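Enquirer: give me the fold of what follows.
(2 chains)
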There are 2 protein chains.
Amino acid sequence: MGSSKRLPQDFQSYQQKIERELKEIIGSNPLTFYDMLRYHMGWQDEQGYSYHRESGKFVRPLLCLLSCQAVGGDAVRIMPAAAALELIHNFSLIHDDIQDASCERHHRPTVWKIWGQSQAINAGDAMFALAFSALFRLKYNGIKEQRVMAASQLLNEACLKLCEGQYLDIAYQSRLDVTIKDYLDMIAKKTAALMAASTAIGTCLAVDNDKMVDSFYGFGEELGMAYQIQDDMLGIWGKEEEIGKPVKDDISQGKKTLPVVYAFENCKDSDRKKLEEIYSQEVISSENVAMVMEILGRSGARRYGQKLIQQYHRQALAMLGVSGLDLSRQAPLKEIASFLLECDY
Amino acid sequence: MGSSKRLPQDFQSYQQKIERELKEIIGSNPLTFYDMLRYHMGWQDEQGYSYHRESGKFVRPLLCLLSCQAVGGDAVRIMPAAAALELIHNFSLIHDDIQDASCERHHRPTVWKIWGQSQAINAGDAMFALAFSALFRLKYNGIKEQRVMAASQLLNEACLKLCEGQYLDIAYQSRLDVTIKDYLDMIAKKTAALMAASTAIGTCLAVDNDKMVDSFYGFGEELGMAYQIQDDMLGIWGKEEEIGKPVKDDISQGKKTLPVVYAFENCKDSDRKKLEEIYSQEVISSENVAMVMEILGRSGARRYGQKLIQQYHRQALAMLGVSGLDLSRQAPLKEIASFLLECDY
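Expert: Numbers count the residues shown, from 1 in each chain, chains lettered A, B, ... in the order given. Presented below is the predicted three-dimensional model:
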């Protein structure tokens, strides 16, 4: 999700390289199975004909490549790792769409909507496996096995957290007592873990320096927290054409996003009672979505969310500072952080 | 699936070690998320209380450990790899049960039946990730990184084939023109690939000898083909208490298992017409299941299947012979192959 603004010019050249790498991995395998993956990536239409949608922002790959470059590594050599991160992200999107029964992504029907749930489960599973295939390509680029192993471990741990976070996200949907702390724990796993892995992997593939890797991990993690909170805000107050799916889906699905959790904890009693009533229902009707919007509007959730994003943004930069790198080397990472977080929310 | 007969005595000590390793990996993580995994493994009931069902046969781990031992390796040291294979197998079972809408496994409700499809997708995904966590534990047992990487690649390639095989299995359900060749291609991916990875991984963790690894890969692959064909036969002519799920499920789900594919290709015209009629329906009624059984019975499919199992069994032993190992070293692998394939079918 996030804004549809264009990335700074010098990041765009990376995007093409990432896309090329992804195409090599998902490739021209003749099995029709891979059509689902190519469709999901936006390279084919549902009949298998060539299709082009503007490619994704590749947030995680970019974080990986910029981190590598910041510590003096050769970003082009670790392109397979960048691709692996994007594949894991897309594995989770494909399964997520099934779980949330989401019918659209980037203004197109989701994979399960076209091929059915069973095949979409397979498509997601394959995306997961391909991420590791991608990582193993690193050795052909002359990356030491020890570093590839370290990167694989970081990626795998992030995947596990991602599953745990998904579990909590779904479990929270049927709970009325989710606290801000519960919420932050959930997004740390669901979103921040993979972004932390992105910056950490970029670093660990370039240097043997655990402290440096830790500091970059922290940067990605804090940034990931801010990014998810912003995503939650956009899901309620964003513009539909920017986020590529219907605004308010989060509300109708009963998601415990930040504004909702905040309102539950902080709105006045009569509003909380109303929220409890609405969120006890299996499906939230459009009138009730409007009512929730009203309550969120007067709860102070928007201001709270904005402050929280700023706080995590600051913490991210502080973690980057811990690395002890020259400010000039930190600059591109600061730039992408600002880019990712400067949406209107 | 397979028979419920007990394994030879000396394999049973391995089973306990495999189970111990699996318990360490899935562990005592307090997150309720892992309850789904522990339930699936048969260690907990659905409320999270301790439960004990006789543990699985651990076919793939055993093949891995016995292969390692056959080439002179230390099986106990590679226990994490054995566990990884079982975790991948179980990842596929959890997703498989969702895809097939199977309500029971080992006489208990399946994970999705209790926790719902969305959470079962997460449970399967986590099982997948944990398999790689398991493999990465090998380095703490003093296995060289290069070998761990080789094993990871073998496992990952098997996972990808597994997804492709699952895809074909489901796609075939709505087709009436599946040939024996199509069928064999599908089971090579769905089943034989992981069994081949099991024997190959056990070997590659013990010796740096590509030819030896290839020969063990071939052994596992041929054995896997025979094992799946036997599974298909049991799904139609087996005893319910032996296979742990309702016999004839395969038929009512419209699966293109070997006997069905054979009958389609070889039965007399009137029977084929009847089969086409039945298999064109969305759901196959119990009367129609009985009719299919009758047709399969007179098609010669049973005899054909038995011959095919024997053929793959012979080919498996031939591949083992290619290894050039002493006959005494080959013996335990021959023994497990016979054990796995000597069910009544």
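Enquirer: right, and A:Lys113 touches A:Cys103 too?
Expert: Yes: judged on Cβ atoms under 8 Å, A:Lys113 makes contact with A:Cys103 at a distance of 5.3 Å. Any C-beta I mention is one placed from the backbone N, CA and C, and that applies to glycine too.
Enquirer: compare the two (neighbour count), which wins?
Expert: Taking other Cβ atoms under 10 Å in any protein chain shown, A:Lys113 and A:Cys103 do not tie; A:Lys113 has more neighbours (18 against 14).
Enquirer: residues contacting that one?
Expert: A:Asp97, A:Cys103, A:Glu104 (Cβ atoms under 8 Å, 6 or more residues apart in numbering or on different chains).
Enquirer: which residue is the nearest non-sequential neighbour of the first one?
Expert: In space, and not counting its chain neighbours, A:Asp97 is closest to A:Thr110: 4.1 Å by Cβ to Cβ, 6 or more residues apart in numbering or on different chains.
Enquirer: that neighbour and A:Gly124: what is the separation?
Expert: Noted for A:Thr110: a distance of 11 Å to A:Gly124, by Cβ to Cβ, to the nearest Å.
Enquirer: which one's more surrounded, the two?
Expert: A:Gly124 (28 against 23).
Enquirer: show me what the strand or helix carrying the more buried one is packed against.
Expert: Using DSSP states H and E, A:Gly124 sits in helix A:117-136. Packed against helix A:117-136 by the contact rule (3 or more Cβ pairs under 8 Å, 6 or more residues apart in numbering or on different chains; DSSP states H and E) you find helix A:9-26, helix A:33-41, helix A:79-99, helix A:111-115, helix A:145-173, helix B:79-99, helix B:117-136, helix B:145-173.
Enquirer: dump it to CSV, keeping only the CA atoms.
Expert: What follows is helix A:117-136, C-alpha atoms only, in CSV (Å, rounded to 0.1, in the frame of the first residue of the first chain):
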residue,chain,number,x,y,z
GLN,A,117,-8.5,-20.7,-2.8
SER,A,118,-6.8,-24.0,-3.2
GLN,A,119,-4.6,-23.0,-6.1
ALA,A,120,-3.9,-19.6,-4.5
ILE,A,121,-2.6,-21.4,-1.4
ASN,A,122,-0.2,-23.3,-3.7
ALA,A,123,0.8,-20.0,-5.5
GLY,A,124,1.7,-18.5,-2.1
ASP,A,125,3.6,-21.5,-1.0
ALA,A,126,5.6,-21.5,-4.2
MET,A,127,6.4,-17.8,-3.8
PHE,A,128,7.8,-18.7,-0.4
ALA,A,129,10.0,-21.5,-1.8
LEU,A,130,11.2,-19.2,-4.6
ALA,A,131,12.4,-16.7,-2.1
PHE,A,132,14.8,-19.2,-0.8
SER,A,133,15.8,-20.3,-4.3
ALA,A,134,16.6,-16.6,-4.9
LEU,A,135,18.8,-16.4,-1.9
PHE,A,136,20.7,-19.5,-2.9
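Enquirer: between that helix and helix B:117-136, how big is the angle?
Expert: 20 degrees (axes from the mean of the first three to the mean of the last three Cα atoms, to 10 degrees).
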